[in-house]
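Novice: Build the 3D model from these lines:
(3 chains)
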Amino acid sequence: MNAKRLIALGLAGIMGLSLLSGCGKTQEKSEAPQQSTTSEKPTYVFVAKDVQNPYMQKVYEGFEKAVNEVGATALYKGPESATPEKQIEIINQLVAQKVSGIAISANDADALQPALQEAMKAGISVVSLDSAVNKDSRQVHIQQADPEKIGRGLIQAAYEMINGEGGIAILSATAQATNQNLWIEWMKKELDENKEKYAKTPLVKIAYGDDDPTKSTSETQALLTDPSIKVIIAPTTVGMLAAGKVLQDKKSSVKLTGLGLPSEMAPFIEDGTCPWMYLWNPVDIGYLAGYAIDALHTKKITGAVGDTFTAGSLGEKVVTEDASKGTEIMLGDPFKFDPDNIGVWKDVY
Amino acid sequence: MAKEFVKQAVRSDGSREIAAERQFSIKSFFMQWEWMLVAILLIINIINTCLSPNYANFNNIMNAMRDFLDKAIIVFPMAFVILLGEIDISVASIMALSSVLMGMAYQAGVPMPLAIGIALLVGTACGFINGIILVKFPELSSMIVTLSTQIIYRGIASILLETKSVGGFPSWFSQFGWGKVGTIPIILIFVIIEAAFFAYVLHYTKFGRRTYAMGNSVTVSRFSGIKTDHVKLIIFTVLGLFSGIAAVFLASKMGSVRPDVAKGYELDIIAMVVLGGVASSGGKGNILGTALAVLVIGFLRYGLGLVNVTSQVIMIIVGALLIIAVAIPNFRESIGKANWYIKLTSLVKQTNER
Amino acid sequence: MEKVKKLVLSNIREISLILVIIILSIFVQYRSGGKFITVENISDLMTETAILAILSAGMMVVIITAGIDLSIGSVMALAGMVGTTVLKYNKSMPSVVIILIAMVIGTICGLINGTLVAKLKILPIIATLGMMNVFRGITYLISNGKWVMQADMTPQFMGIATGKLFGINNLVVMAMIIYGIAYIFMNYTRTGRKIYAVGNSEESARVSGIKTDKTIRLAYTIMGLVAGFAGILYVCKFAVAQGETAVGYEMNVIAACVLGGVSVSGGTGRVPGVLLGALLLGILNNAMPLIKISSFWQEAIRGLIILLSIIANSLIQRNVQAKALRRRNI
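Specialist: Numbering: from 1, shown residues only, chains lettered A, B, ... in the order given. Purely as a prediction, here's the structure:
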């Protein structure tokens, strides 16, 4: 019995080793199949938080457009559910594929650091967009809009919608998403710094819908069991949609605002469930990221403060410093969607 | 590992003679599960190499191993659990809780090596709790008990850390997940040693034999004098310990801990064990098969991911692979090897008589 | 008195569940300041639990045959996705047809599972684990990574989940009908009894002439049918069909069954018990936000209550058995 096992192990081991060494030779001989990334055209990859999110898909639309404009190949990758572990796996695979640039919307600000640093060591340009990674994990971050403006703006909107009286609840995405936590911080700051104004509109609860429609729905229902809550802020498109449906179904008097896709939220803005909301153009974010990553890869910029480059139809963009002493490129200001303009925008994105 | 070769011969008076002998025949040696896995592994490697030039690169393969080997740490003790005829779906939650407590300890000022020790301790404790409940309440199935502890452990992790994550570990800590000795990742070395250890225990110690016995029949084992309670408790506790170890490696890989790490790991781990030939009805299987299964699933995922096959397609392939791998031996059995043998020998006898 | 004792003892499982539910309800009512037992809340509770209950009825059949089906979450997703995709491109299709399509998909999935387990003799946990991946992968492929959203559905379709019949929500009505069917099926039809027999001891069942293979395959097919049905209801209720629909849901269903007295080793389990088990889980989910338990605590508490319930049940069973044993010895 011992002999047999040893033989088995030995044969397996020999096979394994010969495979690895033998394959090394065939590598030179075999023609490069479809995914040759070491050839002329650079490949830029957009790694989404989760590959099915409609918002992420819109971002990729812009990304692909920009990348194609500069004559490179674009790739869309992402996990099926928003976890950082899966993003690490994807990053490692991309490093092995020797892609030229990675633009990532992160599920966790810190967890991807070792993986992204390996990527940068391998010569791959790294930018983050939408949801940032910490400043050591990236060369530059593409910021959609000033988080301070978003945070404060949403609280002010909520305050107005309920005429200054009632509890505020926040329906967020995943508990570790960088952008979410940043905006929530600014919301809290707005409330803290103006205590007299917001005396009657306290922050009652923060719920996490994990960017999953089912969970967001259950969380919204749980929020509705608290009669003190009069307005829900959902700074995530998935959360907005789920909450909107719940409020509509229950014909609730609770108001809704946040960051939503006009195409999804049009029915809710039209019927008043959501008096108004904010967003920016996700296609533009992807577009800007595409140009940024190409600028980095082709060494037009290095990601240092003050660098400028042209981002296609978006014009000149400049790298600035962000709150955490990292570098970022700002897209613009948040845009308000209300019953007056929703008709136009719902077909755009 | 030697298969018992059942010979059925037909005597001249028509009665059947059945002799069971251990025979080393080339055919039965190669028909074993493990060789099938080797074959699958070969096929996968060939396909992957053809698909992408970046696959058969030593460095890349080593890096790829880093990604799936953290599950492999848990796969070997899990094989013991499944050999017993039990199951433990709480392993991912044990990982979460261990890493969260490690992070919190470190944050509170505990020196890192001690914090790591806390992770291992927590893992062991969780495994112990699982084991104790199962031992004291043997009428409860391990599925439902570990189902509830799965929820509880992760729930505790959520209570402790809520939405926060703890990071900022000392830079040497990332060596566990990322470090290499020469070109070999540290985690690979660890897993090899671990696999060898478990293989030794399973195949060469009394404890291993007892595990097999219990998997076949708990009652018979108990009446044969095996302390079934002890064995069960030890196995579950060890599983908890290694979950804690895996948690440390994962935390090192990510540089931070969160309450929702390792979500979904348990099913992957069980799939690897099952693919390795460990029958969940207990009593069949070995470590070599399990190790091969880990490689099969790991390389499959990696190779396909390298050519950007969507993870959904990979899912289908892994699922189908699991089923086909289990179905083939059953298929052969249901056709009936023994029947053929009888028919063949009686045919031979008949032609001889003519 | 003897008769009452006998009645209690033979239904000890269900009675202890009812007791737990009553105690829990009183506790929650008190702590939430009277918000638990209101018409609106109970109606919400029932609606929330309906889908879980429907699935539990199907899962019960499978578990009683000493099997398990881990793929129901994926089957639900697949059926829901196919149904809503058809709806998306054929908005005029009547909802009944959509439901039927989903049920057919579910039945096919169940049939595949059943064949794997019964004919190819693959262990249920392995077969359904593998198929869980396969079905979900197919779901992603069909949807091409996109979600089917509200805008793709018709109000008529979405009304299935929100509509009412005689003042009771549609979903609850459907659950009640299904439980009625389940009760009659398991207790008063030959096939139902066969299922119990196969679960108790497959060998004995086969020897006594029951076609065990067919029975087992039927059990999984039933589960598939129910899962398809529940799947389309699920996506209707949440007004979205995505690749991630119902991931992990199978665990809830298994928990409900086990709480309801179904033994994973097969052969035991009763319809009323399963209904109570699902109800208990539903109450847990509904009640916790009401008594303002932080969402971070909810998971742990839910797990703890499940664990305590099964331990308590185990202790009660032991007690009952010990008493029965003593009586026999005398």
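Novice: Does the closest residue in space to B:G303 that isn't next to it in sequence belong to a helix, a strand or coil?
Specialist: Spatial nearest neighbour of B:G303, chain neighbours left out: B:N48 (3.1 Å); criterion: C-beta to C-beta, 6 or more residues apart in numbering or on different chains. C-betas here are computed from N, CA, C, even on glycine. Here B:N48 is helix, with the state taken from DSSP: H, G, I helix; E, B strand; the rest coil.
Novice: Roughly how far does B:N48 sit from C:L120?
Specialist: For B:N48, the distance to C:L120 (C-beta to C-beta, to the nearest Å) stands at 28 Å.
Novice: of those two, who's got more company?
Specialist: Neighbours around B:N48 and C:L120, counted as other C-beta atoms under 10 Å in any protein chain shown, are more numerous at B:N48. The numbers are 21 against 16.
Novice: per-residue confidence at the more buried one?
Specialist: We have a pLDDT of 79 for B:N48.
Novice: Check A:S263 too.
Specialist: Note on A:S263: pLDDT of 82.
Novice: pLDDT below threshold where in the stretch 101-250 of chain C?
Specialist: For the stretch 101-250 of chain C, no stretch is flagged by pLDDT under 70.
Novice: Residue numbers of it in contact with chain B?
Specialist: C:116, C:119-123, C:125-127, C:129-134, C:136-141, C:145, C:243 (C-beta under 8 Å from any C-beta of the partner chain).
Novice: Filter the residues you listed down to the ones in helices?
Specialist: C:116, C:125-127, C:129-134, C:136-141 (DSSP state H).
Novice: Can you say which two of those residues are spatially most distant?
Specialist: C:I125 and C:L141 (24.9 Å; C-beta to C-beta).
Novice: Which one of the two is surrounded by more residues?
Specialist: Set side by side, C:I125 and C:L141 show more neighbours around C:I125, with 20 against 16, by other C-beta under 10 Å.
Novice: list the contacts for that one?
Specialist: Applying C-beta atoms under 8 Å, 6 or more residues apart in numbering or on different chains, we find C:I125 in contact with B:I87, B:I270, B:V274, B:S280, C:I68, C:L70.
Novice: What's the separation between C:I63 and B:I187?
Specialist: 38 Å.
Novice: I should have written C:D69 there, sorry.
Specialist: 35 Å.
Novice: Of these two, give the one with the bigger neighbour count.
Specialist: C:D69 (33 against 27).
Novice: Toward the C-terminus, what is the element adjacent to the helix or strand where B:T146 lies?
Specialist: Element membership for B:T146 (DSSP states H and E) is helix B:142-161. Next helix or strand after helix B:142-161 toward the C-terminus (DSSP H and E): strand B:166-167.
Novice: what helices or strands is the helix or strand following that following strand leaning on?
Specialist: Sequence order places helix B:175-178 as the next helix or strand after strand B:166-167, per DSSP H and E. If contacts are counted by 3 or more C-beta pairs under 8 Å, 6 or more residues apart in numbering or on different chains; DSSP states H and E, helix B:175-178 sits against helix A:113-121, helix B:58-83, helix B:186-204, helix B:228-254.
Novice: Let me know which of those helices is the nearest to C:F296.
Specialist: Judging these by C-beta to C-beta, what sits closest to C:F296 is helix B:228-254, at 19.6 Å.
Novice: contacting residues around whatever helix or strand comes next after that closest one?
Specialist: Downstream of helix B:228-254, the first helix or strand assigned by DSSP H and E is strand B:256-257. Residues from elsewhere that reach strand B:256-257 (C-beta under 8 Å, 6+ apart): A:108, A:110-111, B:99-100, B:102-103, B:161, B:165-167, B:169, B:251.
Novice: Which one of these is nearest to chain C?
Specialist: Of all the contacts of strand B:256-257, chain C sits closest to B:L161, with 8.7 Å by C-beta to the nearest C-beta.
Novice: that older thread, right, so of the helices and strands packed on helix B:175-178, which gets closest to chain C?
Specialist: Proximity to chain C (C-beta to the nearest C-beta) singles out helix B:58-83 among the helices and strands packed on helix B:175-178, at 9.6 Å.
Novice: what angle separates that closest one from helix B:186-204?
Specialist: On the basis of axes from the mean of the first three to the mean of the last three C-alpha atoms, to 10 degrees, helix B:58-83 is oriented at 30 degrees to helix B:186-204.
Novice: average pLDDT across helix B:58-83?
Specialist: 86.
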